[in-house]
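>>> here is a sequence together with a model predicted from it:
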Amino acid sequence: MPTRVLVPSGVLGLGFDRAALKRGVDNRPDIICIDGGSTDSGPFSLGAGVSKYSRAATKSEWRDLMRARAEAGVPLVIGTAGTCGTDATVDWMYDITVELAVELGQNLKIARLYSSQPADRIIAALEAGQIRPLEPAPVISPALLDSLSNIVALAGAEQVQAALATGADIVIAGRTTDTATISALPLLRGDHAGGAWHGAKIAECGALCSTHPTSGVIQVDFDADGFTVEPLAETAACTPHSVSAHMLYENSDPYQLYEPGGYLDVRGARYTALDERRVRVEGSRWVEGSYTVKLEGARVAGYQTTILAILRNERYVKGARAWVDRLSAFLEGEIRSRMGLEPGEAYTLEFRLIGVDGALGGQENRVGDPVEVGVLGIVTAQSQAEAAEIGKLINPFVLHYPLTDHEELPTFAFPYSPAQSDRGALYEFALNHVMELDDPMSAFRLVVTEVAHGPAR
Amino acid sequence: MARLGDVVLKVRSKNAGPFWVTVDVFCGSPEVYAKVVPALATGEVAALYRVEPQHLKRFDIEELSVIKFSLPRPVVQGSRDDRDMHGAQWAVLLEEADVRV
(Lines give C-alpha, C1' and ligand atoms only; values in the text may rest on other atoms or scores of the structure.)
Protein backbone atom coordinates (compact mmCIF):
# COMPACT_ATOMS: atom_id res chain seq x y z
CA MET A 1 0.00 0.00 0.00
CA PRO A 2 1.47 3.40 -0.90
CA THR A 3 2.66 5.28 2.19
CA ARG A 4 3.24 9.01 2.49
CA VAL A 5 5.75 10.06 5.15
CA LEU A 6 6.16 13.69 6.21
CA VAL A 7 9.59 14.60 7.60
CA PRO A 8 9.51 18.14 9.10
CA SER A 9 13.29 18.48 9.41
CA GLY A 10 16.55 16.63 9.92
CA VAL A 11 16.39 17.01 13.67
CA LEU A 12 14.02 18.46 16.24
CA GLY A 13 15.52 21.71 17.54
CA LEU A 14 16.99 23.02 14.31
CA GLY A 15 13.85 24.73 12.97
CA PHE A 16 11.71 24.24 9.86
CA ASP A 17 9.64 26.23 7.37
CA ARG A 18 6.17 26.45 8.95
CA ALA A 19 4.37 27.14 5.66
CA ALA A 20 5.98 24.01 4.23
CA LEU A 21 4.86 22.00 7.26
CA LYS A 22 1.28 23.18 6.66
CA ARG A 23 1.55 22.11 3.02
CA GLY A 24 2.74 18.72 4.25
CA VAL A 25 -0.25 18.32 6.55
CA ASP A 26 -2.63 19.39 3.75
CA ASN A 27 -1.13 16.63 1.58
CA ARG A 28 -2.58 14.06 4.04
CA PRO A 29 0.50 12.09 5.17
CA ASP A 30 0.17 8.63 6.75
CA ILE A 31 2.73 9.43 9.43
CA ILE A 32 4.97 12.28 10.59
CA CYS A 33 8.55 11.30 11.53
CA ILE A 34 11.41 13.33 12.92
CA ASP A 35 14.84 12.51 14.28
CA GLY A 36 15.80 13.72 17.73
CA GLY A 37 19.55 13.22 17.71
CA SER A 38 22.73 11.43 16.72
CA THR A 39 26.33 11.10 17.86
CA ASP A 40 27.34 14.10 15.68
CA SER A 41 28.15 16.46 18.52
CA GLY A 42 30.27 14.05 20.50
CA PRO A 43 30.06 11.75 23.51
CA PHE A 44 28.78 14.25 26.10
CA SER A 45 25.05 13.79 25.48
CA LEU A 46 25.20 9.99 25.71
CA GLY A 47 27.71 10.03 28.56
CA ALA A 48 25.64 12.39 30.70
CA GLY A 49 22.22 11.26 29.41
CA VAL A 50 21.06 14.78 28.55
CA SER A 51 19.80 16.57 25.44
CA LYS A 52 22.17 18.94 23.67
CA TYR A 53 19.29 21.09 22.43
CA SER A 54 17.56 23.58 24.70
CA ARG A 55 14.27 22.56 26.26
CA ALA A 56 12.71 25.81 25.03
CA ALA A 57 13.64 25.18 21.36
CA THR A 58 12.55 21.55 21.60
CA LYS A 59 9.23 22.42 23.20
CA SER A 60 8.42 25.19 20.73
CA GLU A 61 9.03 22.95 17.71
CA TRP A 62 7.32 19.94 19.29
CA ARG A 63 4.26 22.13 19.90
CA ASP A 64 4.02 22.78 16.14
CA LEU A 65 4.42 19.09 15.37
CA MET A 66 1.84 18.03 17.97
CA ARG A 67 -0.61 20.48 16.40
CA ALA A 68 0.23 19.15 12.93
CA ARG A 69 -0.36 15.59 14.17
CA ALA A 70 -3.74 16.49 15.64
CA GLU A 71 -4.75 18.11 12.37
CA ALA A 72 -3.48 15.25 10.21
CA GLY A 73 -4.89 12.60 12.55
CA VAL A 74 -1.87 10.32 12.06
CA PRO A 75 0.94 9.09 14.31
CA LEU A 76 3.86 11.37 15.15
CA VAL A 77 7.17 9.59 15.80
CA ILE A 78 10.42 10.95 17.17
CA GLY A 79 13.54 8.75 17.07
CA THR A 80 16.62 9.12 19.28
CA ALA A 81 14.74 11.47 21.60
CA GLY A 82 16.86 14.03 23.44
CA THR A 83 19.98 13.73 21.21
CA CYS A 84 21.27 10.42 22.62
CA GLY A 85 18.09 8.34 23.07
CA THR A 86 18.74 7.13 26.62
CA ASP A 87 15.81 6.28 28.90
CA ALA A 88 16.39 9.59 30.74
CA THR A 89 16.04 11.68 27.57
CA VAL A 90 12.97 9.68 26.45
CA ASP A 91 11.38 10.64 29.77
CA TRP A 92 12.55 14.26 29.30
CA MET A 93 10.75 14.29 25.93
CA TYR A 94 7.71 12.61 27.50
CA ASP A 95 7.49 15.34 30.16
CA ILE A 96 7.57 18.01 27.44
CA THR A 97 4.84 16.11 25.55
CA VAL A 98 2.57 15.88 28.59
CA GLU A 99 3.05 19.59 29.33
CA LEU A 100 2.07 20.39 25.75
CA ALA A 101 -0.92 18.05 25.87
CA VAL A 102 -2.21 20.16 28.78
CA GLU A 103 -1.44 23.46 27.02
CA LEU A 104 -2.96 22.34 23.70
CA GLY A 105 -5.88 20.46 25.28
CA GLN A 106 -5.15 17.13 23.58
CA ASN A 107 -6.10 13.54 24.35
CA LEU A 108 -3.16 11.28 23.55
CA LYS A 109 -1.99 7.72 23.63
CA ILE A 110 1.79 7.93 23.99
CA ALA A 111 4.16 5.00 23.46
CA ARG A 112 7.68 5.25 24.84
CA LEU A 113 10.23 2.91 23.29
CA TYR A 114 13.22 2.51 25.59
CA SER A 115 16.66 1.65 24.17
CA SER A 116 18.96 1.91 27.22
CA GLN A 117 20.79 -1.30 28.04
CA PRO A 118 21.71 -2.49 31.53
CA ALA A 119 25.43 -3.41 31.64
CA ASP A 120 24.50 -6.90 32.91
CA ARG A 121 22.62 -7.69 29.69
CA ILE A 122 25.57 -6.64 27.52
CA ILE A 123 28.07 -8.53 29.72
CA ALA A 124 25.91 -11.67 29.45
CA ALA A 125 25.70 -11.24 25.67
CA LEU A 126 29.49 -10.73 25.50
CA GLU A 127 30.06 -13.94 27.45
CA ALA A 128 27.57 -15.78 25.22
CA GLY A 129 29.48 -14.67 22.11
CA GLN A 130 26.62 -12.47 20.88
CA ILE A 131 28.65 -9.24 20.69
CA ARG A 132 30.72 -8.60 17.56
CA PRO A 133 33.23 -5.77 17.09
CA LEU A 134 32.92 -3.45 14.10
CA GLU A 135 36.03 -1.91 12.54
CA PRO A 136 37.70 -0.20 14.38
CA ALA A 137 36.40 -1.23 17.82
CA PRO A 138 37.73 -0.38 21.27
CA VAL A 139 38.68 -3.41 23.36
CA ILE A 140 35.89 -4.31 25.77
CA SER A 141 35.64 -6.45 28.89
CA PRO A 142 32.97 -7.02 31.55
CA ALA A 143 34.77 -4.47 33.76
CA LEU A 144 34.77 -1.85 31.03
CA LEU A 145 31.09 -2.45 30.26
CA ASP A 146 30.34 -2.03 33.94
CA SER A 147 32.10 1.35 33.94
CA LEU A 148 29.98 2.89 31.16
CA SER A 149 27.62 5.66 32.27
CA ASN A 150 25.15 4.82 29.49
CA ILE A 151 24.71 2.08 26.91
CA VAL A 152 22.05 2.21 24.21
CA ALA A 153 21.11 -0.16 21.41
CA LEU A 154 19.96 1.28 18.08
CA ALA A 155 16.41 0.14 17.39
CA GLY A 156 15.41 -0.66 13.83
CA ALA A 157 12.10 -0.74 12.00
CA GLU A 158 10.73 -3.74 13.96
CA GLN A 159 10.78 -1.96 17.33
CA VAL A 160 9.19 1.19 15.87
CA GLN A 161 6.52 -1.01 14.26
CA ALA A 162 5.82 -2.58 17.67
CA ALA A 163 5.35 0.92 19.09
CA LEU A 164 3.00 1.87 16.24
CA ALA A 165 1.04 -1.36 16.75
CA THR A 166 -0.05 -0.10 20.18
CA GLY A 167 -2.21 2.45 18.34
CA ALA A 168 -0.17 5.31 19.80
CA ASP A 169 -0.78 8.86 18.61
CA ILE A 170 2.77 9.76 19.55
CA VAL A 171 5.81 7.47 19.69
CA ILE A 172 8.78 8.76 21.68
CA ALA A 173 11.61 6.41 20.79
CA GLY A 174 14.99 6.15 22.45
CA ARG A 175 18.02 5.45 20.29
CA THR A 176 17.01 4.27 16.83
CA THR A 177 18.97 4.18 13.60
CA ASP A 178 18.59 7.44 11.66
CA THR A 179 16.31 5.70 9.16
CA ALA A 180 14.16 3.37 11.30
CA THR A 181 11.33 5.75 12.19
CA ILE A 182 10.79 6.60 8.51
CA SER A 183 11.11 3.06 7.08
CA ALA A 184 8.90 1.40 9.73
CA LEU A 185 5.43 2.15 8.32
CA PRO A 186 6.25 1.61 4.60
CA LEU A 187 7.83 -1.76 5.50
CA LEU A 188 4.83 -2.70 7.66
CA ARG A 189 2.51 -1.96 4.74
CA GLY A 190 4.54 -4.07 2.33
CA ASP A 191 6.17 -1.32 0.28
CA HIS A 192 9.42 -2.10 -1.55
CA ALA A 193 12.00 -2.89 1.16
CA GLY A 194 15.00 -1.44 -0.66
CA GLY A 195 12.97 1.66 -1.46
CA ALA A 196 11.78 1.97 2.15
CA TRP A 197 15.31 2.01 3.58
CA HIS A 198 16.77 4.10 0.78
CA GLY A 199 13.98 6.68 0.95
CA ALA A 200 14.38 6.80 4.71
CA LYS A 201 18.11 7.46 4.38
CA ILE A 202 17.48 10.23 1.84
CA ALA A 203 14.84 11.88 4.05
CA GLU A 204 16.49 11.46 7.45
CA CYS A 205 18.27 14.81 7.25
CA GLY A 206 15.13 16.59 6.04
CA ALA A 207 15.75 19.00 3.16
CA LEU A 208 19.51 18.33 3.16
CA CYS A 209 18.77 16.15 0.10
CA SER A 210 17.38 19.21 -1.72
CA THR A 211 18.79 22.40 -3.19
CA HIS A 212 17.66 24.39 -0.11
CA PRO A 213 18.95 22.42 2.88
CA THR A 214 17.70 24.72 5.66
CA SER A 215 14.05 24.64 4.56
CA GLY A 216 13.56 21.38 6.46
CA VAL A 217 10.34 19.80 5.28
CA ILE A 218 10.39 16.75 2.97
CA GLN A 219 7.67 14.39 1.81
CA VAL A 220 8.39 10.84 0.67
CA ASP A 221 5.90 8.60 -1.12
CA PHE A 222 6.76 4.91 -0.82
CA ASP A 223 5.20 2.20 -2.96
CA ALA A 224 5.70 -1.31 -4.34
CA ASP A 225 8.57 -0.31 -6.65
CA GLY A 226 10.49 2.49 -4.91
CA PHE A 227 9.91 6.01 -3.68
CA THR A 228 9.37 9.61 -4.77
CA VAL A 229 10.86 12.47 -2.77
CA GLU A 230 9.69 16.09 -2.81
CA PRO A 231 10.72 19.09 -0.70
CA LEU A 232 7.78 21.13 0.52
CA ALA A 233 9.35 24.59 0.80
CA GLU A 234 8.52 26.64 -2.30
CA THR A 235 12.16 27.63 -2.75
CA ALA A 236 13.51 24.06 -2.60
CA ALA A 237 13.86 21.40 -5.27
CA CYS A 238 15.10 17.82 -5.31
CA THR A 239 17.23 16.87 -8.30
CA PRO A 240 18.70 13.45 -9.17
CA HIS A 241 22.08 14.91 -8.16
CA SER A 242 20.93 16.43 -4.82
CA VAL A 243 19.19 13.16 -3.89
CA SER A 244 21.89 10.71 -4.93
CA ALA A 245 24.66 12.87 -3.43
CA HIS A 246 22.98 12.57 -0.04
CA MET A 247 24.18 8.94 0.18
CA LEU A 248 27.67 10.42 0.62
CA TYR A 249 26.75 12.44 3.68
CA GLU A 250 28.28 11.23 6.96
CA ASN A 251 28.49 7.74 5.41
CA SER A 252 31.77 5.87 5.15
CA ASP A 253 30.34 3.76 2.31
CA PRO A 254 28.07 5.52 -0.21
CA TYR A 255 26.50 2.30 -1.52
CA GLN A 256 25.78 0.18 1.56
CA LEU A 257 24.00 1.00 4.76
CA TYR A 258 23.79 -1.55 7.58
CA GLU A 259 20.58 -1.72 9.56
CA PRO A 260 19.18 -4.24 12.04
CA GLY A 261 18.40 -7.39 10.05
CA GLY A 262 20.33 -6.66 6.88
CA TYR A 263 21.74 -3.96 4.68
CA LEU A 264 20.66 -1.57 1.97
CA ASP A 265 22.52 -1.71 -1.35
CA VAL A 266 21.95 1.29 -3.63
CA ARG A 267 24.40 0.33 -6.38
CA GLY A 268 21.51 -0.39 -8.75
CA ALA A 269 19.46 2.69 -7.85
CA ARG A 270 18.14 4.84 -10.70
CA TYR A 271 17.31 8.48 -9.97
CA THR A 272 14.84 10.16 -12.34
CA ALA A 273 13.54 13.73 -12.29
CA LEU A 274 9.72 13.63 -12.45
CA ASP A 275 9.63 17.43 -12.79
CA GLU A 276 11.68 20.39 -11.48
CA ARG A 277 11.25 19.42 -7.82
CA ARG A 278 10.41 15.71 -7.48
CA VAL A 279 12.74 12.75 -7.90
CA ARG A 280 11.75 9.12 -8.41
CA VAL A 281 14.10 6.38 -7.17
CA GLU A 282 13.91 2.68 -8.02
CA GLY A 283 16.32 -0.23 -8.09
CA SER A 284 17.78 -0.15 -4.56
CA ARG A 285 17.97 -3.50 -2.84
CA TRP A 286 17.48 -4.74 0.73
CA VAL A 287 19.68 -7.74 1.57
CA GLU A 288 18.56 -9.71 4.60
CA GLY A 289 21.10 -10.83 7.18
CA SER A 290 21.29 -11.85 10.81
CA TYR A 291 19.41 -9.69 13.29
CA THR A 292 21.93 -7.48 15.04
CA VAL A 293 21.58 -4.08 16.70
CA LYS A 294 24.42 -1.60 17.00
CA LEU A 295 25.52 -0.56 20.46
CA GLU A 296 26.73 2.83 21.66
CA GLY A 297 28.24 3.49 25.04
CA ALA A 298 30.16 6.23 26.78
CA ARG A 299 32.16 6.50 29.94
CA VAL A 300 33.87 9.10 32.05
CA ALA A 301 37.51 9.32 30.97
CA GLY A 302 38.55 11.98 33.50
CA TYR A 303 37.65 15.51 34.54
CA GLN A 304 38.94 18.64 32.92
CA THR A 305 39.96 22.20 33.70
CA THR A 306 41.04 24.50 30.89
CA ILE A 307 42.95 27.75 30.81
CA LEU A 308 43.31 30.23 27.96
CA ALA A 309 46.02 32.86 27.50
CA ILE A 310 46.73 34.96 24.42
CA LEU A 311 50.25 35.78 23.29
CA ARG A 312 50.41 39.00 21.25
CA ASN A 313 54.03 40.07 21.81
CA GLU A 314 55.85 39.30 18.56
CA ARG A 315 58.79 37.49 20.16
CA TYR A 316 56.46 35.20 22.11
CA VAL A 317 54.22 34.62 19.08
CA LYS A 318 57.25 33.50 17.05
CA GLY A 319 58.54 31.43 19.95
CA ALA A 320 55.19 30.04 21.06
CA ARG A 321 56.17 26.39 20.59
CA ALA A 322 59.45 26.76 22.45
CA TRP A 323 57.62 28.69 25.18
CA VAL A 324 55.00 25.99 25.84
CA ASP A 325 57.68 23.26 25.73
CA ARG A 326 59.70 25.10 28.38
CA LEU A 327 56.57 25.93 30.39
CA SER A 328 55.34 22.31 30.25
CA ALA A 329 58.64 20.95 31.58
CA PHE A 330 58.62 23.51 34.39
CA LEU A 331 55.00 22.81 35.34
CA GLU A 332 55.57 19.05 35.42
CA GLY A 333 58.14 19.69 38.18
CA GLU A 334 55.86 22.11 40.03
CA ILE A 335 52.92 19.67 39.98
CA ARG A 336 55.21 16.85 41.14
CA SER A 337 56.72 18.80 44.02
CA ARG A 338 53.54 20.50 45.21
CA MET A 339 50.90 17.83 44.56
CA GLY A 340 52.94 14.63 44.32
CA LEU A 341 51.39 13.76 40.90
CA GLU A 342 53.22 12.21 37.95
CA PRO A 343 51.93 12.90 34.43
CA GLY A 344 50.22 9.92 32.76
CA GLU A 345 47.60 7.98 34.71
CA ALA A 346 47.13 10.65 37.38
CA TYR A 347 46.81 13.65 35.07
CA THR A 348 47.72 15.07 31.69
CA LEU A 349 48.42 18.69 30.80
CA GLU A 350 48.38 19.66 27.14
CA PHE A 351 48.86 23.09 25.58
CA ARG A 352 47.32 23.66 22.15
CA LEU A 353 48.41 26.62 20.06
CA ILE A 354 45.39 28.28 18.48
CA GLY A 355 46.63 30.13 15.40
CA VAL A 356 49.41 27.61 14.81
CA ASP A 357 47.93 24.09 14.67
CA GLY A 358 44.91 24.23 16.96
CA ALA A 359 42.57 22.24 14.69
CA LEU A 360 44.93 19.72 13.07
CA GLY A 361 47.74 19.25 15.60
CA GLY A 362 50.44 16.94 14.27
CA GLN A 363 48.67 16.66 10.89
CA GLU A 364 49.05 20.41 10.18
CA ASN A 365 51.40 20.93 7.25
CA ARG A 366 51.26 24.71 6.85
CA VAL A 367 53.31 27.30 8.68
CA GLY A 368 51.82 30.77 8.96
CA ASP A 369 52.75 34.07 10.52
CA PRO A 370 49.99 34.64 13.06
CA VAL A 371 49.36 38.05 14.64
CA GLU A 372 48.63 36.38 17.96
CA VAL A 373 48.52 32.87 19.39
CA GLY A 374 45.91 31.50 21.77
CA VAL A 375 47.38 29.06 24.25
CA LEU A 376 44.72 26.64 25.40
CA GLY A 377 45.85 24.55 28.38
CA ILE A 378 43.79 21.41 28.99
CA VAL A 379 44.18 19.58 32.31
CA THR A 380 42.66 16.10 32.54
CA ALA A 381 42.71 14.52 36.00
CA GLN A 382 40.95 11.80 37.95
CA SER A 383 38.59 14.13 39.80
CA GLN A 384 37.25 17.63 39.16
CA ALA A 385 38.78 18.81 42.43
CA GLU A 386 42.23 17.64 41.33
CA ALA A 387 41.87 19.14 37.84
CA ALA A 388 40.76 22.45 39.38
CA GLU A 389 43.69 22.39 41.80
CA ILE A 390 46.15 21.88 38.93
CA GLY A 391 44.41 24.70 37.04
CA LYS A 392 44.96 27.08 39.95
CA LEU A 393 48.53 25.92 40.42
CA ILE A 394 49.52 26.57 36.79
CA ASN A 395 47.55 29.83 36.40
CA PRO A 396 50.30 32.30 37.51
CA PHE A 397 52.92 30.58 35.34
CA VAL A 398 50.70 30.55 32.23
CA LEU A 399 50.34 34.30 32.86
CA HIS A 400 53.98 35.19 33.56
CA TYR A 401 56.42 32.45 32.51
CA PRO A 402 59.43 33.82 30.58
CA LEU A 403 61.02 32.46 27.42
CA THR A 404 64.49 32.63 29.01
CA ASP A 405 65.77 32.96 32.57
CA HIS A 406 67.29 36.37 31.95
CA GLU A 407 64.40 38.66 31.18
CA GLU A 408 61.71 40.60 32.89
CA LEU A 409 58.57 38.53 33.60
CA PRO A 410 56.07 38.91 30.75
CA THR A 411 52.32 39.18 31.31
CA PHE A 412 50.03 37.69 28.69
CA ALA A 413 46.39 38.44 27.96
CA PHE A 414 43.89 36.48 30.02
CA PRO A 415 40.45 36.98 28.44
CA TYR A 416 38.51 36.59 31.73
CA SER A 417 38.89 36.04 35.45
CA PRO A 418 39.58 33.43 36.61
CA ALA A 419 41.45 32.37 33.50
CA GLN A 420 40.78 28.71 34.23
CA SER A 421 37.36 27.03 33.80
CA ASP A 422 36.20 23.69 35.14
CA ARG A 423 34.68 21.64 32.31
CA GLY A 424 33.30 18.76 34.32
CA ALA A 425 33.56 15.16 33.10
CA LEU A 426 35.31 14.21 29.89
CA TYR A 427 33.26 11.45 28.26
CA GLU A 428 34.49 9.07 25.59
CA PHE A 429 32.75 6.66 23.23
CA ALA A 430 33.66 3.13 24.26
CA LEU A 431 31.66 0.83 21.96
CA ASN A 432 31.64 0.18 18.24
CA HIS A 433 29.95 -3.22 18.36
CA VAL A 434 26.78 -5.03 17.36
CA MET A 435 24.69 -7.41 19.46
CA GLU A 436 22.79 -10.39 18.04
CA LEU A 437 19.16 -10.67 19.07
CA ASP A 438 16.82 -13.67 18.69
CA ASP A 439 13.79 -11.45 19.16
CA PRO A 440 14.06 -7.78 18.10
CA MET A 441 12.08 -6.64 21.16
CA SER A 442 14.21 -8.59 23.67
CA ALA A 443 16.54 -5.61 24.27
CA PHE A 444 13.85 -2.92 24.08
CA ARG A 445 10.94 -1.92 26.27
CA LEU A 446 7.58 -0.32 25.44
CA VAL A 447 5.51 1.72 27.88
CA VAL A 448 2.13 3.05 26.78
CA THR A 449 0.23 5.74 28.67
CA GLU A 450 -2.81 7.86 27.96
CA VAL A 451 -3.28 11.51 28.83
CA ALA A 452 -6.66 13.22 28.54
CA HIS A 453 -6.70 17.00 28.49
CA GLY A 454 -9.00 17.54 25.52
CA PRO A 455 -12.69 17.02 24.90
CA ALA A 456 -14.03 13.60 25.97
CA ARG A 457 -13.64 11.00 23.20
CA MET B 1 50.66 21.31 -10.47
CA ALA B 2 47.60 22.96 -8.93
CA ARG B 3 45.96 23.18 -5.56
CA LEU B 4 43.10 20.63 -5.54
CA GLY B 5 40.70 23.18 -4.02
CA ASP B 6 41.31 25.47 -7.03
CA VAL B 7 40.45 22.70 -9.50
CA VAL B 8 37.33 21.13 -7.96
CA LEU B 9 34.02 22.56 -6.76
CA LYS B 10 34.39 21.62 -3.12
CA VAL B 11 36.16 19.32 -0.68
CA ARG B 12 34.12 18.35 2.38
CA SER B 13 34.97 16.20 5.40
CA LYS B 14 32.70 14.98 8.16
CA ASN B 15 32.54 12.22 10.74
CA ALA B 16 30.84 9.04 9.63
CA GLY B 17 30.00 7.97 13.18
CA PRO B 18 32.47 8.45 16.06
CA PHE B 19 35.11 6.12 14.61
CA TRP B 20 35.36 7.19 10.96
CA VAL B 21 35.87 10.34 8.97
CA THR B 22 34.89 10.69 5.32
CA VAL B 23 36.25 13.17 2.77
CA ASP B 24 34.20 13.96 -0.36
CA VAL B 25 35.82 15.63 -3.36
CA PHE B 26 33.07 17.21 -5.48
CA CYS B 27 34.64 17.67 -8.92
CA GLY B 28 31.67 19.58 -10.32
CA SER B 29 31.84 18.20 -13.87
CA PRO B 30 32.73 14.98 -15.70
CA GLU B 31 35.69 16.79 -17.33
CA VAL B 32 37.25 17.78 -14.00
CA TYR B 33 36.44 14.35 -12.57
CA ALA B 34 38.26 12.64 -15.44
CA LYS B 35 41.35 14.77 -14.77
CA VAL B 36 41.31 14.46 -10.97
CA VAL B 37 40.71 10.70 -10.64
CA PRO B 38 44.14 9.69 -12.02
CA ALA B 39 45.86 12.66 -10.37
CA LEU B 40 44.79 11.70 -6.85
CA ALA B 41 47.00 8.76 -5.90
CA THR B 42 45.45 6.72 -3.09
CA GLY B 43 48.85 6.23 -1.44
CA GLU B 44 49.50 9.97 -1.37
CA VAL B 45 46.10 10.67 0.16
CA ALA B 46 46.80 7.99 2.80
CA ALA B 47 50.14 9.64 3.58
CA LEU B 48 48.50 13.06 3.84
CA TYR B 49 46.08 11.69 6.45
CA ARG B 50 48.81 9.52 8.04
CA VAL B 51 46.82 6.32 7.68
CA GLU B 52 48.01 2.97 6.31
CA PRO B 53 46.90 2.72 2.64
CA GLN B 54 45.00 -0.50 3.37
CA HIS B 55 42.83 1.40 5.89
CA LEU B 56 41.82 4.08 3.38
CA LYS B 57 38.61 3.27 1.50
CA ARG B 58 38.25 4.95 -1.86
CA PHE B 59 35.14 5.29 -4.00
CA ASP B 60 35.32 6.81 -7.47
CA ILE B 61 31.69 7.76 -8.14
CA GLU B 62 31.54 8.68 -11.78
CA GLU B 63 27.80 9.41 -11.91
CA LEU B 64 28.22 12.15 -9.27
CA SER B 65 31.71 13.28 -10.35
CA VAL B 66 32.74 12.65 -6.75
CA ILE B 67 35.77 10.93 -5.26
CA LYS B 68 35.18 9.77 -1.71
CA PHE B 69 37.77 8.69 0.85
CA SER B 70 36.90 7.14 4.23
CA LEU B 71 39.40 6.43 6.97
CA PRO B 72 39.34 5.43 10.63
CA ARG B 73 39.58 8.60 12.70
CA PRO B 74 43.15 9.17 13.97
CA VAL B 75 41.55 9.67 17.40
CA VAL B 76 38.02 8.68 18.36
CA GLN B 77 35.55 11.57 18.22
CA GLY B 78 35.50 13.51 21.48
CA SER B 79 38.27 11.56 23.19
CA ARG B 80 40.91 13.51 25.09
CA ASP B 81 43.22 14.03 22.15
CA ASP B 82 40.52 14.98 19.62
CA ARG B 83 40.82 18.53 18.28
CA ASP B 84 37.94 18.62 15.83
CA MET B 85 34.66 17.16 17.13
CA HIS B 86 32.94 17.04 13.73
CA GLY B 87 35.98 16.17 11.63
CA ALA B 88 35.06 18.95 9.23
CA GLN B 89 38.45 20.69 9.14
CA TRP B 90 40.36 17.64 7.87
CA ALA B 91 39.07 18.53 4.42
CA VAL B 92 41.65 21.33 4.19
CA LEU B 93 44.53 18.85 4.03
CA LEU B 94 43.23 17.54 0.72
CA GLU B 95 41.88 20.89 -0.44
CA GLU B 96 45.33 22.45 -0.08
CA ALA B 97 47.25 19.51 -1.56
CA ASP B 98 49.01 19.97 -4.90
CA VAL B 99 47.81 17.68 -7.68
CA ARG B 100 49.19 17.04 -11.17
CA VAL B 101 46.30 18.01 -13.41
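On my side now, so go ahead.

>>> from now on I want contacts and neighbour counts done on CA atoms only, so please keep to that.
Will do.

>>> need phi/psi at residue A:384.
Backbone geometry at residue A:384, expressed as degrees, to the nearest 10, gives phi -70, psi -40.

>>> report pLDDT for the residue in the stretch 1-150 of chain A that chain B sits nearest to.
Nearest residue of the stretch 1-150 of chain A to chain B (CA to the nearest CA) works out as residue A:42 at 5.3 Å. Predicted confidence (pLDDT) at residue A:42: the value is 97.

>>> next one: residue A:208
Confidence per residue is given as pLDDT, and for residue A:208 that number is 88.

>>> run the chain-centre distance for stretch A:188-203.
Put simply, stretch A:188-203 sits 22 Å off its chain's centre (CA atoms, centre = their mean, to the nearest Å).

>>> stretch A:18-33 too?
Offset of stretch A:18-33 from its chain centre (CA atoms, centre = their mean): 25 Å.

>>> mind listing what's buried along stretch B:53-64?
Along stretch B:53-64, these residues count as buried under the neighbour rule (16 or more other CA atoms under 10 Å in any protein chain shown): B:56-58, B:61, B:64.

>>> wait, residue A:356 touches residue A:373, no?
Yes - with contact defined as CA atoms under 8 Å, residue A:356 and residue A:373 form a contacting pair (7.0 Å).

>>> secondary structure class for the residue of the stretch 1-150 of chain A closest to chain B?
Following DSSP: H, G, I helix; E, B strand; the rest coil, the label given to residue A:42 is coil.

>>> run a quick neighbour tally on it.
Here the count is done by other CA atoms under 10 Å in any protein chain shown, and residue A:42 has 22 residues near it.

>>> okay, helices next: where are they in chain B?
Across chain B, reading from the start of the chain, the helices by DSSP state H fall at B:4-7, B:30-39, B:42-48, B:91-95.

>>> name the helices or strands packed onto the third one?
Judged by 3 or more CA pairs under 8 Å, 6 or more residues apart in numbering or on different chains; DSSP states H and E, the packing partners of helix B:42-48 are helix B:91-95.

>>> quick one: distance of the helix it packs on to the chain centre.
For helix B:91-95, the distance between its averaged C-alpha position and the chain's averaged C-alpha position is 7 Å (CA atoms, centre = their mean).

>>> would you indicate which residues of the helix or strand hosting residue A:219 are buried?
Per DSSP states H and E: residue A:219 is located in strand A:218-222. Counting neighbours by 16+ other CA under 10 Å, one finds that the buried residues in strand A:218-222 are A:218-222.

>>> what pairs with it, parallel or antiparallel?
Pairing partners of strand A:218-222, with direction, according to DSSP bridges: strand A:3-7 (antiparallel), strand A:226-231 (antiparallel).

>>> same list (the ones you listed) but as TSV, adding mean neighbour count and mean pLDDT.
Formatted as TSV, the strands paired with strand A:218-222 follow (neighbours: other CA atoms under 10 Å in any protein chain shown; pLDDT from 0 to 100):
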stretch	mean neighbour count	mean pLDDT
strand A:3-7	26	98
strand A:226-231	26	97
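
>>> same list (these) but as TSV, adding distance to residue A:315.
Shown next, in TSV, are the strands paired with strand A:218-222 (distance: least, CA to CA, whole Å):
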stretch	distance to residue A:315
strand A:3-7	56
strand A:226-231	56
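
>>> and the ones you listed: which comes nearest residue A:339?
Checking the strands paired with strand A:218-222 against residue A:339 by CA to CA gives strand A:3-7 as the closest, at 55.5 Å.

>>> distance between the closest one and the chain's centre?
For strand A:3-7, the distance between its averaged C-alpha position and the chain's averaged C-alpha position is 23 Å (CA atoms, centre = their mean).

>>> check which residues of the helix or strand following it are buried.
Moving toward the C-terminus from strand A:3-7, the first helix or strand encountered (DSSP H and E) is helix A:18-26. For helix A:18-26, burial by neighbour count (16+ other CA under 10 Å) applies to A:18, A:20-22, A:24-25.

>>> I figured residue A:147 was touching residue A:301, is that so?
No - here residue A:147 lies out of contact with residue A:301, judged by CA under 8 Å, at a distance of 10.1 Å.

>>> higher neighbour count, the two?
Regarding residue A:147 and residue A:301, a neighbour count based on other CA under 10 Å identifies residue A:301 as having more, with 18 against 15.

>>> next, give phi and psi for that one.
The main-chain torsion angles of residue A:301 are listed as degrees, to the nearest 10 and equal phi -110, psi 20.

>>> cool, residue A:356 as well?
Per-residue torsions, residue A:356: phi -110, psi -60 (degrees, to the nearest 10).

>>> please tell me how far it sits from residue A:317.
Taking CA to CA, to the nearest Å as the criterion, residue A:356 is separated from residue A:317 by 10 Å.

>>> next: residue A:298.
Counting by CA to CA, the gap from residue A:298 to residue A:317 is 38 Å.

>>> and for residue A:175?
Remark: distance between residue A:175 and residue A:317 (CA to CA) = 46 Å.
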